[in-house]
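Chemist: Generate a structure from the sequence data that follows.
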Amino acid sequence: MGIRIVRLGTARSALEGTRIGTVRRPPRGVPKTEFATQNWYDVWYPNLAPSAETMKLGQQADTPAAWAAFTKKYRAEMAKPENSRTIELLAALSARSHFSVGCYCEDEAHCHRSVLRELLLEKGAKIEPTTDASGAAGTQ
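Modeler: Numbering: from 1, shown residues only. Now for the predicted structure:
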């Protein structure tokens, strides 16, 4: 049981469960009916995505200080009651369910999902290790 943190659009692991897209916008050029079959996501949940303004901060963050500013702003957004309750819910569900959350970014270290991983862990979530396309374990 537990949550996998994934890159949307990648192959699913056997025990991944429901894939939740924590992105601001759906994938471009993909019919809504094909989001799940093309491994984007089963459920779109933009509530856990950074706001458009904060997302731009993250995309433009090219120094540790700029990334820290993005992280601080995103954490503040996720501290709002509706988002904090969602993170607590996902953390609680991770003890008894398989599911995943993800974003499109190639590099998790430079993506809001790295911060979301930390927030989930802080609430006691069980985070499962992910594997890359070769089957090697990692934190994707």
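Chemist: Just the C-alpha atoms of the helix or strand Ala68 falls within, please, in CSV.
Modeler: According to DSSP states H and E, Ala68 maps onto helix 64-78. Taking C-alpha atoms only, helix 64-78 is exported to CSV below (Å, rounded to 0.1, in the frame of the first residue of the first chain):
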residue,chain,number,x,y,z
PRO,A,64,18.8,27.6,-5.4
ALA,A,65,17.4,30.9,-4.1
ALA,A,66,14.8,31.1,-6.9
TRP,A,67,13.8,27.4,-6.2
ALA,A,68,13.5,28.2,-2.5
ALA,A,69,11.2,31.1,-3.3
PHE,A,70,9.0,28.8,-5.5
THR,A,71,9.0,26.1,-2.7
LYS,A,72,8.0,28.7,-0.1
LYS,A,73,5.1,30.0,-2.2
TYR,A,74,3.9,26.6,-3.2
ARG,A,75,4.0,25.4,0.4
ALA,A,76,1.9,28.5,1.4
GLU,A,77,-0.7,27.6,-1.2
MET,A,78,-0.8,24.0,0.1
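Chemist: just checking, what packs against that helix?
Modeler: Counting by 3 or more Cβ pairs under 8 Å, 6 or more residues apart in numbering; DSSP states H and E, the packing neighbours recorded for helix 64-78 are helix 52-60, helix 81-93, helix 112-122. To be clear about C-beta, it is placed using only N, CA and C from the backbone, and glycine gets the same treatment.
Chemist: The most centrally placed residue in the chain pairs with what?
Modeler: For the chain, Gly102 is the residue whose C-alpha lies nearest the centre (Cα atoms, centre = their mean; 3.2 Å). With DSSP bridges applied, Gly102 shows beta-bridge pairing to Val6, Gly21.
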